[in-house]
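Peer 1: Here is a sequence together with a model predicted from it:
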4 protein chains.
Amino acid sequence: KGFDVTKIEGLTAATFTPFASDGEVNLRVIRGYADFLLKQGVRSVFVNGTTGEGVSLTDEERKLVAEEWLKVAGKRMTVIIHVGSMSLKSTCDLAMHAEQNGAAAIGAMPPSYIKPPSLDSLVLYLQKVGEAAPNTPLFYYHIPVLTGVKFSMEDLLKAAVTDIPTLRGLKYTDEDMMEFTRCLACEKGSFPIMYGRDEQLLASLAMGGIAAVGSTYNYCGLLNNRLLKYFKEGDLKSALREQRRSDDAIMILRKYASIAGGVGAGKAILKARGFDVGPPRLPLLPLSVEDYGSLVTDLKSIGFFDWA
Amino acid sequence: KGFDVTKIEGLTAATFTPFASDGEVNLRVIRGYADFLLKQGVRSVFVNGTTGEGVSLTDEERKLVAEEWLKVAGKRMTVIIHVGSMSLKSTCDLAMHAEQNGAAAIGAMPPSYIKPPSLDSLVLYLQKVGEAAPNTPLFYYHIPVLTGVKFSMEDLLKAAVTDIPTLRGLKYTDEDMMEFTRCLACEKGSFPIMYGRDEQLLASLAMGGIAAVGSTYNYCGLLNNRLLKYFKEGDLKSALREQRRSDDAIMILRKYASIAGGVGAGKAILKARGFDVGPPRLPLLPLSVEDYGSLVTDLKSIGFFDWA
Amino acid sequence: KGFDVTKIEGLTAATFTPFASDGEVNLRVIRGYADFLLKQGVRSVFVNGTTGEGVSLTDEERKLVAEEWLKVAGKRMTVIIHVGSMSLKSTCDLAMHAEQNGAAAIGAMPPSYIKPPSLDSLVLYLQKVGEAAPNTPLFYYHIPVLTGVKFSMEDLLKAAVTDIPTLRGLKYTDEDMMEFTRCLACEKGSFPIMYGRDEQLLASLAMGGIAAVGSTYNYCGLLNNRLLKYFKEGDLKSALREQRRSDDAIMILRKYASIAGGVGAGKAILKARGFDVGPPRLPLLPLSVEDYGSLVTDLKSIGFFDWA
Amino acid sequence: KGFDVTKIEGLTAATFTPFASDGEVNLRVIRGYADFLLKQGVRSVFVNGTTGEGVSLTDEERKLVAEEWLKVAGKRMTVIIHVGSMSLKSTCDLAMHAEQNGAAAIGAMPPSYIKPPSLDSLVLYLQKVGEAAPNTPLFYYHIPVLTGVKFSMEDLLKAAVTDIPTLRGLKYTDEDMMEFTRCLACEKGSFPIMYGRDEQLLASLAMGGIAAVGSTYNYCGLLNNRLLKYFKEGDLKSALREQRRSDDAIMILRKYASIAGGVGAGKAILKARGFDVGPPRLPLLPLSVEDYGSLVTDLKSIGFFDWA
């Protein structure tokens, strides 16, 4: 595929799934969405994950969304398709589809309702996922606050060496910076670990991270790319200034997430920033017109439109 | 349909889904399974729920399992089909299918990965589920320890009166006996509440319960039916003796659940009790031959085969 | 001492500690408080526990409060002194003092900040507490929601047989009715288990309980004594009616607890019921005059003053 | 006092409290302990906190330990005395004592058993603590994983400006690097925030931190001082190498903490590193001779004695 996803660095946007006002997936918007990200210097996407309301889609819809992203991305973007679901069968089916359609990598969260009772069972589960897409790198999606599945990620990586041949890294969405840096160092650094808490991207860089994936990179791509650049240049003071701006935006995101869920609030910020992907799906709700108005006012008050 | 599910009482078995050794759904076993339950005096089933590994099945598989249960049950059993999943679309599709195939009722858990951010959003969600099966009573499946969704169930029932016309009750799987009895009393007792913690069935009866649903009624049906009878006769001492026997079995269930998950361990006990529904699906694991041997020894040690 | 606390049954009030408006312990009120309880048919008290803000008192204050209760109780009441604290030294000192002053029993919660890392360490800890009061029955105070200490209580009781000679039972404040009934049955029923969740007293009776300890028995003593009587007579319907009334009061307690903490709200209800023990201590707050007014209105709306 | 604690930077050791084999406080060891820290370049101590088993001591013992540290420190070390306990009275008494004996600052955790029901009640509580030591800077000790008290620390700092005149900063022991950096920036950076998760010290530096307090600085002082120096010089690569070594040690600490509690395991590492402060107090346990042997072997295997 030309691009080696196992050397991934920089920002990956966890994309929102566009819906029309009737609640149906709105594929036509995706091309413009890709352009919008590229203009921010964001060249990689993680599709159908938490931000993408992946589990709120049917498998058929997930495939359509995946195909569209793979089509519009072409060689301009790295496309990682999240295939995790509650059902191994569905997950394998989605994994196979992603491979057939040329995904650079797939991601998979563990089943979070009927949970793996042991690390061994998780390893077996991921092994099967890998077998369905044997030529595509697999990233395990670790987000214990949502899945309730919290095994040692170091132990998972060690087991993967022999038991999950396609596992190539993690999407690591947790605050434990010690485990994060240990995973980076694990097996002589052979696993890329994409950091997933935008709130503390800078902390992850200091701990050795070079890649990040998150929802705010949809609308704060320029800001966070500056943060990355400053860090590389050794200008930590400027990097911290950008991180704090990012956090100002995240505080507003959280405020409205309590009303509409994180995705509902995030879609509203994306709209305010200039790209409308429509409302979320139930059980999430769009912001009311009034709440959207306050959101924009709040964003202005922190200077969002000047630096985002 | 002849039977009024809103007056449901007694035991409902949360059925296991039979799998063949290749991991595929094994429909042929279901008729015998129904007979096995009826012999224990269990005349009602809750299909495709947690015990049924519902979310580990594809939607197509869920429909096949539902159809088979509805077919073999005939007029002998009350069949409640669980249609909850992570996706409203799937849930509505399953609800419609259940209604078309004559389910006595449907059950729905809330989406547990992308969670409803407010009670209002849960009400809207369930309203849509109800609209997909407008002639079928809907039971909300409350199991906060697994879903992480914990709104006041009294508030849900009150909202349902006007906003979710088909909602007729709850499958209440929690230890909070105060909320349980308040739900029973809510709206002058118009909502049946099926109690879902087999560990303390007797406590639920004292608090006003008359219906229960759980996985141990698959193999401890006789025992728990005696418990119900003793309670009705006012013989609380005998009822408590049966409850404690049931709890002895549940202690063993928990011991092996730490290895194979609750469903893996439960399937093993069912097999030991005389009916084999095969292994669970990943991420759950079957017990090893050795562990199964110890399980049987443990069951013997508590007299399980004498009183279950 | 004439009274055998190991055969304890019925209601024990977890007493509030009276404070004057200057925040100092108000010992003079205690005699009248004892009379107030006796009029409700409550003949046993648990002093300096959670409801008593025990850990908010200095050790010296705890001793004064204990002495006063032991003095005014005389032979009219059973007095259990809670001696648990964060420090084993203090706890042993308080235990010795309680024994010297004639407590019928002592209670001890585990240290909840620096927690016992294993059941073994908890057993050793309680052994030392017992050695400080070798002639006084010891009740372990299990309240995991507040202490975060949650070992198997069955295992603790089994260990106590050989390792904690003075341990005679539990104050069991949790919703797990299976563990509760197993503790009652443990070692042929030789350990009395006082149930501590007033919300579901009736459930505990069905599961074999005969003794209860809680804060609402300070002001709902008559009601809960009727509940006990009905249950003994086999009139479960009337018992449930009383339980539901009790729960109506507890819903109001919870509403105001979110403002003033559970003790602040409880003291306000006690005052409304006719006995004023003053405000709580920081970090708890008394209700404002306005909030107290609404509390009384709320209590009237459920008929509290007619049946409490 | 010459030293301005509100400009604190670098490492502060959260000291262990030395006990003799009979379990009594062993004050004589403290002078040598101070020298041991100074040799590692650690010039500041936080006494009687979690690591110091503060709440396991009686108030009288806490005062003796505080006095000894203040005496041996002289002008060589900054001494912060932790005065938090479950009781406001005790806390104020300890605060007054610390001020009278010349502490550079005091620290106070919130009461964790009877918790503040609102931020307002916490503010009032800390206000009273401050009034007991009106001339001594107060650091709030935020450690939600142990206290269960988790209010917004930004909101606390903002409230402190007007309502808690002596509050000058935080001991911040949590992984939330966004809240940490926001607290640093709060009120134009007027509050020093000491970071308390040794596992990710480097992350805190990148997020703007300059001061840290923790238990591993008792035995990994040289290592962490090198980390600080490298960071200041912009040599992030070397800083990360030291962080990962520190984390290797912390993994071993955690392994033995599951046996003896964190303090029991920490005291054993300190002993292995060359300074023996004796066993912990119940409910904590010392390592057995065998476990201590394995601990030393484990430490050797990571090169601990070469770089700590």
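Peer 2: Everything's here; your move.
Peer 1: now stretch A:81-90: mean pLDDT?
Peer 2: Per-residue pLDDT over stretch A:81-90 has a mean of 98.
Peer 1: Tell me how far A:E233 lies from A:R226.
Peer 2: Distance of A:E233 to A:R226, computed by Cβ to Cβ, to the nearest Å: 10 Å. C-beta coordinates here come from the backbone N, C-alpha and C atoms, glycine included.
Peer 1: before we move on, what about A:G49?
Peer 2: Distance of A:G49 to A:R226, computed by Cβ to Cβ: 25 Å.
Peer 1: And for A:I8?
Peer 2: Computed as Cβ to Cβ, the A:I8 to A:R226 distance reads 20 Å.
Peer 1: So for those two, which sits in the more crowded spot?
Peer 2: Taking other Cβ atoms under 10 Å in any protein chain shown, A:I8 and A:R226 do not tie; A:I8 has more neighbours (24 against 18).
Peer 1: Dihedrals phi and psi, the closest residue to the more buried one other than its chain neighbours?
Peer 2: Spatial nearest neighbour of A:I8, chain neighbours left out: A:A211 (4.8 Å); criterion: Cβ to Cβ, 6 or more residues apart in numbering or on different chains. Main-chain torsions, A:A211, degrees, to the nearest 10: phi -130, psi 150.
Peer 1: for A:G52, same thing?
Peer 2: Torsion angles, degrees, to the nearest 10, at A:G52: phi -80, psi 10.
Peer 1: And the one 4 residues further on, by the same measure?
Peer 2: Note on A:S56: backbone dihedrals following degrees, to the nearest 10 are phi -80, psi -10.
Peer 1: Disregarding residues adjacent in the polypeptide, which is nearest to it?
Peer 2: Nearest one to A:S56, counting by Cβ to Cβ, 6+ apart, is A:R281 at 4.8 Å.
Peer 1: For the one you found, report the pLDDT, please.
Peer 2: A:R281 is given a pLDDT of 97.
Peer 1: give me phi/psi at it?
Peer 2: Per degrees, to the nearest 10, the backbone of A:R281 is at phi -100, psi 150.
Peer 1: From A:Y256, how far out is it?
Peer 2: 17 Å.
Peer 1: Check A:D276 too.
Peer 2: A:D276 is 16 Å from A:Y256, by Cβ to Cβ.
Peer 1: Comparing those two, which residue is more hemmed in?
Peer 2: For A:D276 versus A:Y256, neighbours defined as other Cβ under 10 Å are more numerous around A:Y256 (21 against 16).
Peer 1: element containing that one, please.
Peer 2: Secondary-structure assignment from DSSP states H and E places A:Y256 in helix A:236-273.
Peer 1: same question for the following helix or strand past that helix, mean pLDDT?
Peer 2: Later in the chain than helix A:236-273, the nearest helix or strand by DSSP H and E is helix A:289-301. Averaging pLDDT along helix A:289-301 yields 98.
Peer 1: Residue ranges in the stretch 51-200 of chain A under the pLDDT threshold?
Peer 2: By pLDDT under 70, the stretch 51-200 of chain A has no low-scoring segment.
Peer 1: residues in it within reach of chain D, list them.
Peer 2: Where the stretch 51-200 of chain A comes near chain D, counting by Cβ under 8 Å from any Cβ of the partner chain, the residues are A:E175, A:D176, A:M177, A:M178, A:T181, A:R182, A:A185, A:E199, A:Q200.
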